[in-house]
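Trainee: just need the structure, nothing else, for what follows:
(one chain, ligands or ions: 1)
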Amino acid sequence: MNNLLKGKRGIIFGALDNKSIAWAVAEKCIEQGAIITLTNAPVALRFGQLNELGEKLNSEIIPADATSMDDLENLLVKSQEILGGKIDFMLHSIGMSVNVRKKKEYTGLNHDWMQKTFDVSAISFHKLMQTAYNLDAMAQGGSILALSYIAAQRVFPDYSEMAESKALLESFARSFGYHYAKKKQVRVNTISQSPTITTAGSGVKGFSEFFSYADKMSPLGNADTSSCADYCISLFSDLTRMVTMQNLYHDGGFSQMGMSPDVLNLS
Ligand SMILES: NC(=O)c1ccc[n+]([C@@H]2O[C@H](COP(=O)([O-])OP(=O)(O)OC[C@H]3O[C@@H](n4cnc5c(N)ncnc54)[C@H](O)[C@@H]3O)[C@@H](O)[C@H]2O)c1
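Mentor: Numbers count the residues shown, from 1 in each chain. Below is the predicted model:
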């Protein structure tokens, strides 16, 4: 399967280092013939490895704090100039919880920090879509994706306020998906990904134990970064042009399981 994204222009948020899901997505976009700009928060550009990826892929980097409407507008305007036209696809691959970072228990959260978490992890998705909508920056039939987690639907106690962030994120995909489909046949979806070993993932308490539990619960095993990137490419491509307003599980079957003998060591 080659050139699925030939002639398409994209913006990839959230590649921090070579473990980031967005890093793999950016590499596969180029492999499939797209041209892209890369973006991350200014602080992440100082501490992460995004410059290395930009050089490798010959893609320009435009810093943007995803909570700033001014930064998002600048990113969308400059990306269209650099790439030479309207944007065909965008990946929102952003997550951060202040209360998780500060190791607060769920029953004792700081609500100012919670608002910051929602702003970075979920409201930024609405801000991005609203900015693109008002600038008319997306091409007809384009595709917008964000990455989510099943804690939006089920209880995973250590995921804390990120559970509500993901519920909000998925809801924005549905609601904005309606308006964007009507305006320009632009699709908006979320991918609900398996636990994945990245900087954001590993910040969750008990992550490595939970990673192996999920791996045993999922009949196909945990979906890894590379397969997640493949799924993103399929959703950016024209092959999925009628898929919108969905939360799509990419989890090796985890979300449909009740019990697995592997977890109980019965098999
Ligand atoms: N790793 C997992 O287990 C897992 C599972 C399901 C979903 N996800 C989701 O995948 C996405 C990508 O995370 P990842 O696991 O690749 O980790 P990651 O740490 O590599 O990526 C998170 C990114 O968010 C960026 N970011 C934080 N604040 C920002 C801001 N204000 N503006 C712009 N960017 C900002 C970071 O700089 C970083 O690049 C997140 O939405 C995460 O919740 C991850």
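
Trainee: right, is the strand or helix carrying residue 188 up against the ligand?
Mentor: Following DSSP states H and E, one finds residue 188 within strand 187-193. Yes: for strand 187-193, a contact with the ligand is found by C-beta under 6 Å from any ligand atom, at residue 193. Where you see a C-beta, it was placed from the backbone N, CA and C, and this is true even at glycine.

Trainee: show residues contacting that strand.
Mentor: 21, 129, 141-150, 152, 169-170, 173-174, 176-177, 180-181, 223, 228, 231-232, 235, 240-241, 243-251, 255 (C-beta atoms under 8 Å, 6 or more residues apart in numbering).

Trainee: tell me, which strand in the protein spans the most residues?
Mentor: strand 138-148 (DSSP state E).

Trainee: who does that strand touch, helix- and strand-wise?
Mentor: Judged by 3 or more C-beta pairs under 8 Å, 6 or more residues apart in numbering; DSSP states H and E, the packing partners of strand 138-148 are strand 87-92, helix 124-135, helix 162-184, strand 187-193, helix 225-236.

Trainee: what's the most buried one of these?
Mentor: Of all the helices and strands packed on strand 138-148, strand 87-92 carries the top mean neighbour count, a mean of 27, counting by mean count of other C-beta atoms under 10 Å.

Trainee: tell me the gap between whatever helix or strand comes next after that one and the middle of its chain.
Mentor: Downstream of strand 87-92, the next assigned helix or strand under DSSP H and E is helix 98-101. Chain-centre distance of helix 98-101: 19 Å, with C-alpha atoms, centre = their mean, to the nearest Å.

Trainee: and the angle for the helix or strand following helix 98-101 with helix 162-184?
Mentor: Next in sequence after helix 98-101, counting helices and strands by DSSP H and E, comes helix 111-118. If you take axes from the mean of the first three to the mean of the last three C-alpha atoms, to 10 degrees, helix 111-118 sits at 40 degrees to helix 162-184.
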